[in-house]
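A.B. asks: Whatever this is, show me its structure:
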Amino acid sequence: MLNVGQLNEGVVLDHIEAGKAMDIYHHLGLGKLDSVVAIIKNVPSNKMGKKDIIKIETSLEDVDLDILGYIDNNITVNIVKGGNIVEKKNLTLPQKITNVLHCKNPRCITSIEQELEHVFILTDAKKRVYRCAYCEEKHN
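C.D. replies: Next up, the predicted model:
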């Protein structure tokens, strides 16, 4: 049995769909942090069958919950202080996401103005539909 040490201060991302931990690692830019990061893949889970877990020795300010909510809003974010979970956050789909998705409409202003942020607004939560804030192009 693999044993991964206890986290004293930081964030534990739990209930990640099996195989998605590396995507989350890259989207959150965890490689750029000067913190300890542990990725545990394919952990047996009664609820999910298998799951991934990411342990990050950092504060919550370094974790973009909007990106996490967009990638998988079933992830549980556990805040750890003094070796104990002091808070659990359940994610929802963010109403607005910035610079995560990119508009594919060649006539959109974001195609011409390179420094302009790519902003998408949630228009249908049930179908997870986001539209460009500038041209209303649907993101697939």
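
A.B. asks: Return the set of buried residues in the least confident helix or strand in the chain by mean pLDDT.
C.D. replies: The helix or strand of the chain with the lowest confidence, counting by mean pLDDT, DSSP states H and E, is helix 65-71 at a mean of 85. Going by neighbour count (16 or more other C-beta atoms under 10 Å), the buried part of helix 65-71 is Asp66, Ile67, Leu68, Gly69, Tyr70, Ile71. (Glycine included, C-beta is placed from N, CA and C.)

A.B. asks: got JSON lines for the residues you listed, with distance to Gly83 too?
C.D. replies: Shown next, in JSON lines, are those (distance: C-beta to C-beta, whole Å):
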{"residue": "Asp66", "distance to Gly83": "28"}
{"residue": "Ile67", "distance to Gly83": "27"}
{"residue": "Leu68", "distance to Gly83": "23"}
{"residue": "Gly69", "distance to Gly83": "27"}
{"residue": "Tyr70", "distance to Gly83": "30"}
{"residue": "Ile71", "distance to Gly83": "28"}
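
A.B. asks: residues contacting the residue lying farthest from the centre of the chain?
C.D. replies: Centroid-distance maximum for the chain: Arg107 at 29.2 Å, with C-alpha atoms, centre = their mean. Shown in contact with Arg107 (C-beta atoms under 8 Å, 6 or more residues apart in numbering): Cys135.
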